[in-house]
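# sequence? don't have it. structure:
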C-alpha cells in the first residue's frame, strides 16, 4: 500500500504574506535569528501583525545548525509565551528549530497534562532560503554540540500548517548560500526519487523539482535580484520537500549529517560535495553494477537529455553533469578543498561512518550499504570523485 500525505497549505507568490492578516490568534511567537532581524526581514511580518493588532514575542536566538541548547532556550520561551500561533521566519535552521521547540513543548505537556488540555499552536513557516523544504516536512535537524553530531528528528507533529513562499524573503541571500541551499534542493529530489519508499506521487514532484532547479539555480546564483528565478527555486524546494517527507532520503544525507556535525560545514555544501559520489555508488556506476542498481537513476538521465547508447554511459554522464553543475556554482569538489586537516578527517572516518549507518535516512537508501562501504565513500569524498 502507498501512503502519500499533503499536510501543509501552501501559499506562493507576492501576495501570500497577506494570509497573516486573517490569522486567528491573540498571541504569536515569532521564531527567527539575529540576521533576519538586522536585515529588516522579520519586520515584514511583525509590521503586519502590528497593523492587525496581534500581540507577539520574538525569539531571535537561533543559530546556524541549531543546537539542543537553543531548542531548550526556545522551549522555555514558548512555554512562557503560551502562543496561539508560531511563525518561523528564516532558513532551514530557523524552521527546524521552531519545529523542535514545538515538538518538545507538546511532548513535555503530554507528561504533565491530560491530552484534552494540550493543543498544537497554529504553525506558519516562512522560508528565507530555497533549500531545506522544511516548510512542508515532518523532519527537523538539530545539533548535539557535545557529541559533535547532527540529529534528525521526524514526527507528524512538526509539519507546518501553512507555508508562505514569497521570493521577497530570499533576495538578500548571498551567492554562496544560494548555491549551497539550491544543491540541497537537488539532493532532496534525487534521493526522494530513488528512495525505497518512493511512489508515483513522490516521483512526479521530485522530477519537477529537479527540472525547475536545474533551469533556475544558476540564474539565481548569478543574479540574486532575479525575482523570477528566486520564486522558481522557492517552489522547487517546496516540491522536493513534499517528495522526501513522503519518500524519505538516503546516505547522501546520512553522511552529510555526520560530516557537517563534526567539521561545521554547511549542510548544503556537504550534500553537494557528496552528491556525485553517492549517485555513482547508488547507481552502480562506481563499481560496474549498473544493471543491478542503476534503473531508477537511468530514468532520470532522459530528463537531462543524456541520450547515450548504454545505461553505463548514461549514468556516468549523469555523474559528470552534477560535477559540472557544482563547478558552475563554485562549489569545491572535495572535502580536502575545504581546508579540513587530512589527519583529523581520516581519524574521524570510523566514527562518521558509524553515525551515518545509524541515521534514519540510511533506511530508505536505494542500495543496501554497510559501515565499511560508507567509510570508503567518505575516504573518496576527501579527495573527490
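Arrived safely, thanks for sending. What you see is a predicted model; the values in this text were computed from it and never measured.
# Output the below-cut-off pLDDT ranges for the stretch 151-300 of the chain.
Across the stretch 151-300 of the chain, nothing is flagged by pLDDT under 70.
# how close does the residue nearest the centre of the chain sit to residue 150?
In the chain, the residue lying closest to the centroid (C-alpha atoms, centre = their mean) is residue 132, at 2.4 Å. Residue 132 sits 13 Å away from residue 150, going by C-beta to C-beta, to the nearest Å. The C-beta positions use only the backbone N, C-alpha and C, and glycine is treated the same way.
# next one: residue 105
With the distance defined as C-beta to C-beta, residue 105 ends up 21 Å from residue 150.
# quick one: the helices in the protein?
Secondary structure of the chain (DSSP state H): helices at 34-38, 41-51, 68-81, 92-112, 175-194, 200-222, 227-247, 251-263, 267-282, 290-293, 295-303, 311-328, 342-358, 371-383.
# Residue 6: which of those helices is closest?
Between residue 6 and these, the shortest gap by C-beta to C-beta is with helix 227-247, which sits at 6.8 Å.
# and the angle from the closest one to helix 92-112?
Orientation check (axes from the mean of the first three to the mean of the last three C-alpha atoms, to 10 degrees): helix 227-247 against helix 92-112 gives 40 degrees.
# Helix 227-247: which residues count as buried?
Using 16 or more other C-beta atoms under 10 Å as the burial criterion, the residues of helix 227-247 that qualify are 229-247.
# just checking, residue 292 touches residue 284?
Yes: between residue 292 and residue 284 there is a contact under C-beta atoms under 8 Å: 5.7 Å.
# Who has more neighbours out of these two?
The neighbour count for residue 292 versus residue 284, taken as other C-beta atoms under 10 Å, is higher for residue 284 (21 against 11).
# Check whether the more buried one really touches residue 294, as I assumed.
Yes: under the criterion of C-beta under 8 Å, residue 284 makes contact with residue 294 at 4.8 Å.
# For the closest residue in space to residue 222 that isn't next to it in sequence, give me its contacts.
Among residues not flanking residue 222 along the chain, residue 175 sits closest, at 7.7 Å (C-beta to C-beta, 6 or more residues apart in numbering). Contacts for residue 175 (C-beta atoms under 8 Å, 6 or more residues apart in numbering) come out as 221, 222, 224, 330.
# and residue 175, how far is that from residue 36?
Separation of residue 175 from residue 36 (C-beta to C-beta): 19 Å.
# try residue 154
Counting by C-beta to C-beta, the gap from residue 154 to residue 36 is 25 Å.
# Excluding chain neighbours, what is closest to the residue nearest to the centre of the chain?
In space, residue 132 is closest to residue 92, 3.0 Å off (C-beta to C-beta, 6+ apart).
# That neighbour: neighbouring residues, count only.
Other residues lying near residue 92 total 29 when counted by other C-beta under 10 Å.
# again, but for the one 3 residues further on
By the other C-beta under 10 Å criterion, the neighbourhood of residue 95 contains 31 residues.
# How about residue 38?
Neighbour count of residue 38, defined by other C-beta under 10 Å: 10.
# For it, which residues are in contact?
Counting by C-beta under 8 Å, 6+ apart, residue 38 makes contact with nothing.
# how close does it sit to residue 32?
The gap separating residue 38 from residue 32 is 11 Å, by C-beta to C-beta.
# Check which residues of stretch 186-204 are buried.
Result for stretch 186-204 [16+ other C-beta under 10 Å]: buried residues 186-195, 197-199, 201-203.
# Skipping its backbone neighbours, what lies nearest residue 323 in space?
Nearest non-adjacent residue to residue 323, counting by C-beta to C-beta, 6+ apart: residue 276, 4.8 Å away.
# Thought residue 317 was touching that neighbour, still the case?
No: counting by C-beta under 8 Å, residue 276 sits too far from residue 317 to count as a contact (11.7 Å).
# Which one's more surrounded, the two?
Legend: neighbour count by other C-beta under 10 Å for residue 276 and residue 317, higher for residue 276 (23 against 16).
# Now do the same contact list for the more buried one.
319, 322, 323, 326, 385.
# so what's residue 86 up against?
Residues counted as contacts of residue 86 (C-beta under 8 Å, 6+ apart) are 28, 29, 30, 31, 78, 98, 101, 102, 121, 122, 123, 124.
# count of neighbours near the second one?
What it means is residue 29. Residue 29 has 25 nearby residues by other C-beta under 10 Å.
# swap in the third one?
Number of residues near residue 30 (other C-beta under 10 Å) recorded here: 26.
# That one and residue 373, how far apart?
Applying C-beta to C-beta to residue 30 and residue 373 gives a distance of 44 Å.
# Next: the second one.
Shown here: residue 29 relative to residue 373, a distance of 44 Å by C-beta to C-beta.
# cool, and the first one?
Counting by C-beta to C-beta, the separation of residue 28 from residue 373 is 47 Å.
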